[in-house]
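Asker: sharing a model prediction with you, sequence too.
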Amino acid sequence: MSSRFRKLSHTIWHCQYHIVWVPKYRYRVLHGAVKEAAENGIMAICGYAGCKVVELNVQSDHVHMVVMIPPKLSISDLLGRLKGQTSMKLFQQF
């Protein structure tokens with residue numbers, strides 16, 4: 001078994017997804033302190049959910065992300081939590 005595979009109790013998995021999303025109307029707001037806060041929030045939420053961020057690139061008008069998501073976790077649930085909590089934290093801070 002290679003190190004790129006991960007284990008759960010009854011499965012061995014390697015589920016890696018490339019995810020891209022944009023702010024509303026593709027406004028160019030993700031730069032400076034907002035960019036750093038978004039990166040930190042994404043890393044924290046993914047770590048808490050049991051996911052591993054392989055690559056993260058926050059541009060001024062979109063976010064690219066390669067993440068390993070375990071099969072027991074729905075992609076839509078993770079993204080709903082990720083986008084919702086990150087946006088609420090950013091609105092509170094800025």
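Answerer: Received, thanks.
Asker: quick check: longest helix of the chain.
Answerer: With secondary structure taken from DSSP state H, the chain has its longest helix at helix 75-93.
Asker: run through the strands of this structure in chain order.
Answerer: Listed in chain order, the strands found in the chain under DSSP state E are 6-7, 12-13, 16-21, 52-58, 63-68.
Asker: mean neighbour count, distance to residue 74 and mean pLDDT added to those, as a markdown table?
Answerer: Any C-beta I mention is one placed from the backbone N, CA and C, and that applies to glycine too. Compiled in a markdown table, the strands of the chain are given as follows (neighbours: other C-beta atoms under 10 Å; distance: least, C-beta to C-beta, whole Å; pLDDT from 0 to 100):
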| stretch | mean neighbour count | distance to residue 74 | mean pLDDT |
| --- | --- | --- | --- |
| strand 6-7 | 13 | 17 | 87 |
| strand 12-13 | 12 | 14 | 90 |
| strand 16-21 | 12 | 12 | 96 |
| strand 52-58 | 13 | 17 | 97 |
| strand 63-68 | 18 | 13 | 97 |
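Asker: for residue 33, which of those is the nearest?
Answerer: Between residue 33 and the strands of the chain, the shortest gap by C-beta to C-beta is with strand 52-58, which sits at 11.9 Å.
Asker: mind exporting the C-alpha coordinates of the closest one to CSV?
Answerer: Output for strand 52-58, consisting of C-alpha atoms alone and laid out as CSV, is shown next (Å, rounded to 0.1, in the frame of the first residue of the first chain):
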residue,chain,number,x,y,z
LYS,A,52,-6.4,17.3,3.9
VAL,A,53,-5.8,20.4,1.7
VAL,A,54,-3.2,19.3,-0.9
GLU,A,55,-3.1,22.7,-2.7
LEU,A,56,-4.7,26.0,-2.0
ASN,A,57,-4.5,29.1,-4.2
VAL,A,58,-6.6,32.2,-3.3
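Asker: angle of that strand against strand 16-21?
Answerer: Here strand 52-58 points in a direction 30 degrees away from that of strand 16-21 (axes from the mean of the first three to the mean of the last three C-alpha atoms, to 10 degrees).
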